[in-house]
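Undergrad: my questions concern the predicted model and sequence given below.
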Amino acid sequence: MNMKDFSLEGKIAWITGASYGIGFAIAEAYHAAGATIVFNDINQELVDRGLKAYEEKGIKAHGYVCDVTNEDAVIETVKKINADVGVIDILVNNAGIIRRIPMLEMSAADFRKVIDVDLNAPFIVSKAVLPGMIKKGHGKIINICSMMSELGRETVSAYAAAKGGLKMLTRNICSEYGGANIQCNGIGPGYIATPQTAPLRERQPDGSRHPFDQFIVSKTPAARWGNPEDLQGPAVFLASDASNFVNGHILYVDGGILAYIGKQPS
Ligand code: NAP
Ligand code: GCO
């Protein structure tokens, strides 16, 4: 085993929506493994915030304003990245949103919005980078899936539909382009402490923990929420040559949630 297989030296990695949160942590790990970091976010304010945060970590990142649901903008951004940095070797489809609304109260517009960002965008961005990867003779696409790629729960119908779809898009990209030496895998994070999940961890007016927070901790064999850093090792593995025969797989990084039936009543 050559440990250099885990290195990302000389690779160009584009992580979408990576000004903060999970995407930022993955980018930090890719930098540590030797890759050049490219990220985008939806507006200049977020990109500037990201650039500052990368700079504070000593990382020279290339930031672009790009709404990943807009195909023309994505195609333009890929052209710019090719010209400014080079052809992308690693794509992480990380940008995502959630709307927590009971299905009967959810508008079709809200449902479509979530599908657009969480499912259509990974299709659009993957489609835009694949030709460059195929020409280069290799490529890694990592889709950030979810517990909701496997499980349902109240209020997240659109998110679960999108993340379940993203799991199958992952398998289909593997099926169509595995022969071109493209590996497309997913990471399924468990419950990770980021701004996206902050409402689920908010302290109650009496100072006690949010009931959902307690529920998640009791449902997780690791007995804690995950941190964005928990995703770094798996993300480096799936971007590196060490995973060249891993394709169409979803790697769940969830502290064991999916393995566990839940606490028996006392
Ligand atoms: P986050 O904190 O909300 O970060 C997501 C980033 O994507 C934000 O910077 C967001 O910008 C950006 N974004 C949203 N829509 C975009 C668009 N159309 N174009 C470009 N960028 C856009 O989320 P996170 O918790 O780090 O999650 C990252 C990914 O992991 C998401 O796909 C999420 O579904 C997934 N995930 C999260 C968890 C968790 O527990 N946190 C678990 C499993 C999976 P704004 O700030 O403007 O929204
Ligand atoms: C929710 C959460 C989740 C997580 C994550 C789990 O409301 O249930 O936001 O969906 O963010 O995707 O893997």
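TA: Nice, I can see it. Ligands and ions are numbered 1, 2, ... in the order given.

Undergrad: CA atoms for contacts and neighbours, from now on please.
TA: Noted.

Undergrad: ok, and what's touching the helix or strand hosting residue 235?
TA: Assigned by DSSP states H and E, residue 235 belongs to helix 232-239. Around helix 232-239, the neighbours that count as contacts under CA atoms under 8 Å, 6 or more residues apart in numbering are 6, 8, 25-26, 29-30, 33, 90, 140-142, 185, 187, 243, 246, 251, 253.

Undergrad: that one: how far from the chain's middle?
TA: Distance, stretch centre to chain centre, for helix 232-239: 12 Å (CA atoms, centre = their mean, to the nearest Å).

Undergrad: likewise for stretch 84-91?
TA: That offset, for stretch 84-91, works out to 17 Å (CA atoms, centre = their mean).

Undergrad: who touches it?
TA: Outside stretch 84-91, the residues touching it (CA under 8 Å, 6+ apart) are 11-16, 81-82, 126, 129, 132-133, 136, 138-142, 239.

Undergrad: and stretch 129-140, by the same measure?
TA: 78, 87-91, 180-185, 238-239.

Undergrad: ok, then the element right after the helix or strand harbouring residue 51?
TA: According to DSSP H and E, residue 51 maps onto helix 44-56. Note on helix 44-56: by DSSP H and E, the next helix or strand toward the C-terminus is strand 62-65.

Undergrad: for that next one, which strands pair with it and how are they oriented?
TA: strand 36-41 (parallel) (DSSP bridges).

Undergrad: okay, angle between the partner strand and helix 44-56 too, please.
TA: If you take axes from the mean of the first three to the mean of the last three CA atoms, to 10 degrees, strand 36-41 sits at 150 degrees to helix 44-56.

Undergrad: ok, strand 36-41 near ligand 1 or not?
TA: Yes: part of strand 36-41 sits near ligand 1 under the criterion CA under 6 Å from any ligand atom, namely residue 41.

Undergrad: can you read off the pLDDT for residue 263?
TA: Note for residue 263: predicted pLDDT of 89.

Undergrad: on that earlier part again, give me the buried entries from the contacts of stretch 129-140.
TA: Buried subset of the contacts of stretch 129-140 (neighbour count, 16 or more other CA atoms under 10 Å): 78, 87-91, 180-185, 238-239.

Undergrad: so where is the stretch 51-200 of the chain shaky, pLDDT-wise?
TA: By pLDDT under 70, the stretch 51-200 of the chain contains no weakly predicted segment.

Undergrad: show me which residues of it are close to ligand 1?
TA: Going by CA under 6 Å from any ligand atom, the residues of the stretch 51-200 of the chain near ligand 1 are 66-69, 94-97, 117, 144-146, 189-197.
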